[in-house]
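Novice: pasting the sequence and the predicted coordinates here, then a few questions.
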Amino acid sequence: MPLRYSDSNTLAGSAADFIIRRRTPTLLQLLLILITTFVIAISVILTAADKLALVIILIILLSAVGSYVAVQLQRSRDLVLTTEFQNALFASALGINNKFCLIIRMDGNIVYLDRSFQEMFPDFIKQPRRTVSVLLNYGKLSPEESKKIFAAIERNVYDKVIFTIRDSKGEFHKIVMSIEPILRPEGFILLRGREYIDERSSIKIDDLTTPNSPLTKSTIALFSYVMDTMDMGVYMTDPSGNIIYANPVLEQWLGYKEGEVTSRSLSLQDIIRHNGTRTETINPGDYEGVAMLQKKTGGLMHSFVNQKIIRNDRKKVIGCTALVHNIIEQGTEEKKKLW
């Protein structure tokens, strides 16, 4: 079972947007009730002449105290069980498609380590201090890589950093880490790392321009020129959902520099946040509907996406392409007519 962290350097601090519930009765009130009960019991023992009345009063008092303790004990057990179940559920959800997950405070203290991280760094979790700086030193990161990570954390905006880290077995892993500020409660940042695949960044136009593919270098060059001049966002992916092209309009909307989306090896999973209705846009496939796009600065852009599959002559999926429209600028009904 994963270790539980309760030492002073991992306790979560309270924030202005998180109000701690005041339970009643409070510990002081409960103590006063118990003292009052014992005083009454002793007074009855000293003053009551009737032993039967004394026994009845003591039974009532002890039964009331015992019932209250039993109810509170059962409630505490139910609360612990619910909390452990929710923690397991949330931890599993965070770890999907990621190598490890961390949650840190703005001061660098690590307040949450998932099971995958504990399996990858079993010696690190035994350290007396668990902070980001200690982790980077433990993982033998270069000063340049550490500086990039600290800079991204200090800016408190959504960002991605690629680095190489050493695990407890001495093996080195190339990791792409997403740095995502948590909106509520404030002051916490989610760090999610996944394995960096060199082949992903090497997927270029040449990989898609096979003899049987409808995409040739000339058609893609023409496509790129036309889409760069259009007043709408455009992206193209490979069969795995990795973005191999994004036009300058889309990059500008999302706060990236020209060519930065492809140079960062971003995927649909990195830039699309859903409003709870549909999730087909994460995978290369036909999709038409509203989607929330993740900006580099951490905000969200409300957009309408028309995404279509690209197939070769053998009906094999070789990727997808999509038109992205800013909902603020155009009506939804007009967007549906664009394909």
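Specialist: Cool, got the structure. Numbering: from 1, shown residues only.
Novice: so where's the stretch 201-339 of the chain uncertain?
Specialist: 201-230, 274-283, 328-339 (pLDDT under 70).
Novice: average pLDDT for the lengthiest helix in the chain?
Specialist: Ordering each helix of the chain by length in residues (DSSP state H) puts helix 51-94 first. Mean per-residue pLDDT for helix 51-94: 82.
Novice: before we move on, what about stretch 31-38?
Specialist: Here the average pLDDT along stretch 31-38 is 79.
Novice: got a list of contacts for that stretch?
Specialist: If you take C-beta atoms under 8 Å, 6 or more residues apart in numbering as the criterion, stretch 31-38 is touched by Pro25, Leu61, Ala64, Val65. All C-beta atoms are positioned from the backbone trio N, CA, C, and that covers glycine.
Novice: residues touching the second one, list them.
Specialist: By C-beta under 8 Å, 6+ apart, the residues touching Leu61 are Thr37, Ile40, Ala41.
Novice: the last one - how many residues pack around it?
Specialist: The one in question is Ala41. 16 (other C-beta atoms under 10 Å).
Novice: name the element it belongs to?
Specialist: helix 27-47 (DSSP states H and E).
Novice: circling back to that earlier point, closest one to His302 out of the contacts of stretch 31-38, please.
Specialist: The nearest member of these to His302, counting by C-beta to C-beta, is Pro25 at 47.1 Å.
Novice: name the nearest residue to that closest one, sequence neighbours excluded.
Specialist: Ile33 (6.9 Å; C-beta to C-beta, 6 or more residues apart in numbering).
Novice: in stretch 302-317, what's buried?
Specialist: Ser303, Phe304, Val305, Asn306, Gln307, Ile310, Asn312 (16 or more other C-beta atoms under 10 Å).
Novice: domain map for this protein?
Specialist: 1-196, 201-336 (automatic domain parsing).
Novice: from those, which stretch is densest packed?
Specialist: domain 201-336 (a mean of 16; mean count of other C-beta atoms under 10 Å).
Novice: surely Pro122 is within a strand?
Specialist: No. With DSSP: H, G, I helix; E, B strand; the rest coil as the criterion, Pro122 is assigned coil and is not in a strand.
Novice: model confidence for it, exactly?
Specialist: pLDDT, Pro122: 86.
Novice: can you pull the contacts of it?
Specialist: Pro122 touches Ser168, counting by C-beta under 8 Å, 6+ apart.
Novice: beta partners of Val324?
Specialist: Gly233, Val305 (DSSP bridges).
Novice: could you report the separation of it from Leu250?
Specialist: 6 Å (C-beta to C-beta, to the nearest Å).
Novice: what does Arg129 give?
Specialist: From Arg129 to Leu250 the distance is 42 Å (C-beta to C-beta).
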